[in-house]
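J.: How does the following fold in three dimensions:
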Amino acid sequence: MAQFRNAPPRRNQPPRDQMSAQQQRNRPIDMLKSSLDKKCLIRVKANRLFEATLRGFDEHLNLIIDNTVQKFMVPDETQEGKWKEAKEDLGRIILRGDNVIFIEFNMPDTPATPAPAPTASP
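T.: A predicted model of the protein is given here:
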């Protein structure tokens with residue numbers, strides 16, 4: 001049976017505690033943290049596109065999004081061979097992180113909707 005050697009580090013990066021503040025801000029998880037309650041555009045597998053407000057996430061990139069609108073293309077019934085954009089309001093949903101292809105946070109002319117205030121339950 002072959003013996004395994006100690007593999008070299010996969011990346012030439014210092015441990016997290018030795019990373020500069022700039023390097024830490026450039027990590028994807030930090031970008032998500034700084035983008036909470038902001039409007040975003042999310043593309044997932046099966047060519048689906050969601051416009052929503054990011055409310056939360058976890059280490060698996062499962063996303064909690066609010067004010068969600070799914071955008072998709074449908075055949076235009078007035079013009080044969082043409083397509084038009086359709087929208088479907090979904091409200092608050094959870095997207096499984098395995099399905100996320102990309103997230104865009106620079107949404108023009110779309111202010112984020114503030115998170116609703118928690119209500120006390122009786």
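J.: Show me what the strand or helix carrying residue 42 pairs with in its sheet, parallel or antiparallel.
T.: Assigning secondary structure by DSSP states H and E places residue 42 in strand 39-44. Strand 39-44 has the following strand partners under DSSP bridges: strand 48-57 (antiparallel), strand 100-104 (antiparallel).
J.: Show me what counts as buried in it.
T.: Neighbour-count burial for strand 39-44, counted by 16 or more other Cβ atoms under 10 Å, picks out 39, 40, 41, 42, 44. Backbone N, C-alpha and C define where each C-beta goes, glycine included.
J.: For the last one, list the residues it contacts.
T.: Under the criterion of Cβ atoms under 8 Å, 6 or more residues apart in numbering, the contact list for residue 44 reads 50, 95, 99, 100, 101.
J.: Mind putting the buried residues of strand 39-44 into a markdown table with distance to residue 55 and pLDDT?
T.: As requested, the buried residues of strand 39-44 are exported to a markdown table (distance: Cβ to Cβ, whole Å; pLDDT from 0 to 100):
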| residue | distance to residue 55 | pLDDT |
| --- | --- | --- |
| 39 | 11 | 96 |
| 40 | 11 | 96 |
| 41 | 15 | 96 |
| 42 | 13 | 97 |
| 44 | 17 | 94 |
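J.: wait, which of those residues is closest to residue 68?
T.: Using Cβ to Cβ, residue 42 is the member of these that sits closest to residue 68, with 8.9 Å.
J.: didn't the closest one look like it was pressed against residue 99?
T.: No: counting by Cβ atoms under 8 Å, residue 42 does not reach residue 99; the two are 9.4 Å apart.
J.: Endpoint to endpoint, stretch 40-49 covers what distance?
T.: Stretch 40-49 has an end-to-end distance of 11 Å (Cα to Cα, to the nearest Å).
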